[in-house]
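J.: With the input below, show me the fold.
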Amino acid sequence: MKSKNEVNEIVNRPLCICDSTLLDGEKAAGVVFSNIEKYRIAQLLDEAGVPQIVAGNPSLGAEEKMAVKHIARMGLGASVMSWNRADINDINRSIECDVDAVCISMPSSDNLIQNKLGKDHAWVADKVYEAASYAAEHGLYISVVAEDTPNANLAFLIDFAKAAVDAGADRVGYQDIIGKEDPFTCYERIKTLRQIMPVDIEIITRNDFGLATANTLAALKAGARFANVTSMGIGERAGCAPLEEVALAARHILNMEAGVDGTKFREIADAVSLATGRAISPSKPVIGSNVFVQEAGISVDGVIRDENGEAFDPAEVGCQRSVMVGKHSGRNTIVSEMAQMGIEIDRKAASDLLDMVRKASTQMHRSISQKELFLLYEDLMNGNDIFDENDEPSGPAAQPEPVEEIPAEQPQN
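T.: Numbers count the residues shown, from 1 in each chain. Down below sits the predicted model:
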């Protein structure tokens with residue numbers, strides 16, 4: 001178990017990633033990690049340099065508690081956090097697991113406070129203070145999360161954050177539990193919170209409208225320093241903000257460095273995919289197999305000339321670029337692909353070969369392999385018209401059937 005000073009040192013980054021794959025990943029419908037799978041994923045996250053890992057919720061039962069305790073004792077470089085309600089019994093179970101950090105979660109919107117808890121603002125603030133104080137007394141690093149923050153009354157949200165900080169919390173979580181937050185509102189509310197309460201903010205988003213990454217970036221731009229993520233964005237309903245998207249987008253769009261190794265993202269995702277049975281979509285941003293595959297002529301030209309053909313260097317995530325030849329290819333792609341086979345062709349031959357490629361790709365409803373491209377090139381050089389578009393039919397079958405003439409209708413007198 002790390003001391004609080006050690007945890008503060010670990011999370012002291014311009015952008016601190018708090019990975020919740022082991023907690024929120026299991027909230028995805030039908031997903032259950034074995035403990036062995038949890039240990040392996042935790043190890044991979046640590047190898048990637050993720051500074052804080054949410055290992056689970058010890059109050060779920062003996063098996064979960066065993067997993068959290070094991071991860072806390074693995075000697076990881078990362079801080080190991082557990083999830084808790086604002087309840088001293090929950091925190092005691094986390095203490096028994098030797099974690100060095102706790103997340104204390106409590107509703108903050110009037111809807112949840114009144115309809116879920118049947119309580120009022122004062123009761124919530126008191127429970128937050130009580131739970132955070134208890135955790136602080138035991139030397140734990142503390143994140144207090146305000147559930148349903150976008151729907152919380154701003155004045156009460158400030159009181160909520162003040163109660164947490166006064167009790168010893170190190171950061172406050174802004175959590176959009178249903179994915180209806182928008183980046184513009186998120187930015188303004190977090191900016192306001194930071195101006196009123198100079199406390200570290202953690203952004204926790206959901207992806208029901210596909211805005212998890214956008215909301216996370218908006219929060220970071222507004223002054224949040226912690227981003228709660230999961231590998232591939234796995235989580236309940238449409239999921240969470242994806243680790244790989246947030247880390248790379250923050251680096252290239254916001255110039256914020258998370259200090260994690262992007263070349264490990266695919267390996268982490270593969271482990272999560274294997275454990276969950278959830279395939280990685282070829283078009284998945286950052287780690288999908290098609291992210292660095294180009295076919296369209298303009299895009300390929302950009303890659304060939306090292307211009308704006310890609311958002312970032314594939315080496316950052318351990319990938320390599322590739323080019324597909326097909327209907328949307330351009331002449332320069334043909335010249336480049338033939339050169340890779342040791343064949344130089346002039347512009348006229350490249351244009352003629354491109355015409356053949358487009359016809360073949362359209363007829364076969366797919367791209368053309370390098371071997372097929374070579375065979376088309378041989379056909380071109382040998383004068384073979386494999387499409388038979390210019391052949392004139394001959395013989396009796398080619399004669400058109402006579403068309404019976406129909407006399408024009410005579411006008412009636």
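J.: all strands of the chain, in order?
T.: Ranges of strands within the chain are 16-19, 52-56, 79-85, 101-107, 141-147, 171-175, 200-204, 226-229, 293-294, 322-323, based on DSSP state E.
J.: and residue 13, what does it touch?
T.: Contacts for residue 13 (CB atoms under 8 Å, 6 or more residues apart in numbering) come out as 51, 225, 257, 258, 259. C-beta coordinates here come from the backbone N, C-alpha and C atoms, glycine included.
J.: Ramachandran angles for it?
T.: The phi/psi pair for residue 13 (degrees, to the nearest 10) reads phi -130, psi 160.
J.: Check whether residue 180 really touches residue 207, as I assumed.
T.: No: applying CB atoms under 8 Å, one finds residue 180 not in contact with residue 207, separated by 11.2 Å.
J.: quick one, what contacts residue 30?
T.: Counting by CB under 8 Å, 6+ apart, residue 30 has contacts residue 277.
J.: now do residue 119
T.: Residue 119 neighbours (CB under 8 Å, 6+ apart): residue 113.
J.: Distance check, it against residue 256.
T.: Separation of residue 119 from residue 256 (CB to CB, to the nearest Å): 38 Å.
J.: swap in residue 158?
T.: Counting by CB to CB, the gap from residue 158 to residue 256 is 26 Å.
J.: Contacts only, for residue 163.
T.: Going by CB under 8 Å, 6+ apart, the list of residues near residue 163 reads 125, 126, 128, 129, 132.
J.: please redo it, this time with the cut-off set to 7 Å
T.: Contact partners of residue 163, counting by CB atoms under 7 Å, 6 or more residues apart in numbering, are 125, 128, 129.
J.: Neighbour-wise, give me the winner out of those.
T.: Counting neighbours by other CB atoms under 10 Å, residue 128 comes out on top of these with 28 neighbours.
J.: isn't it right up against residue 86?
T.: Yes: between residue 128 and residue 86 there is a contact under CB atoms under 7 Å: 5.6 Å.
J.: list residues touching both of the two?
T.: Residues touching both residue 128 and residue 86 (CB under 7 Å, 6+ apart): residue 106.
J.: The stretch 101-250 of the chain: helices as residue ranges?
T.: Taking DSSP state H, counting those that start in this stretch as the test, the helices found in the stretch 101-250 of the chain are 110-112, 121-137, 154-167, 183-196, 212-222, 243-253.
J.: most packed of the ones you listed?
T.: helix 212-222 (a mean of 24; mean count of other CB atoms under 10 Å).
J.: quick one: contacts of it?
T.: Applying CB under 7 Å, 6+ apart, the external contacts of helix 212-222 come out as 15, 174, 176, 181, 183, 186-187, 190-191, 194, 201, 203, 205-206, 227, 233, 240-242, 245-246, 249-250, 253-254, 256.
J.: thinking again about what came up before, what about residue 180 and residue 207, which has more around it?
T.: The residue with more neighbours, out of residue 180 and residue 207, is residue 207; 21 against 14, by other CB under 10 Å.
J.: and that one, backbone torsions?
T.: Torsion angles at residue 207 (phi, psi; degrees, to the nearest 10) stand at phi -110, psi 30.
J.: My guess is it contacts residue 179. True?
T.: Yes: assessed by CB under 7 Å, residue 207 is found in contact with residue 179 at 5.8 Å.
J.: can you list residues touching both of those two?
T.: Residues touching both residue 207 and residue 179 (CB under 7 Å, 6+ apart): residue 238.
J.: quick one: low-confidence parts of the stretch 301-413 of the chain?
T.: 301-309, 321-322, 388-413 (pLDDT under 70).
J.: mind redoing it with 50?
T.: For the stretch 301-413 of the chain, the stretches with pLDDT under 50 are 301-302, 304, 393-398, 403, 406, 408, 413.
J.: All the helices of it, residue numbers only.
T.: Under DSSP H, counting those that start in this stretch, the stretch 301-413 of the chain gives helices at 331-340, 347-364, 370-382.
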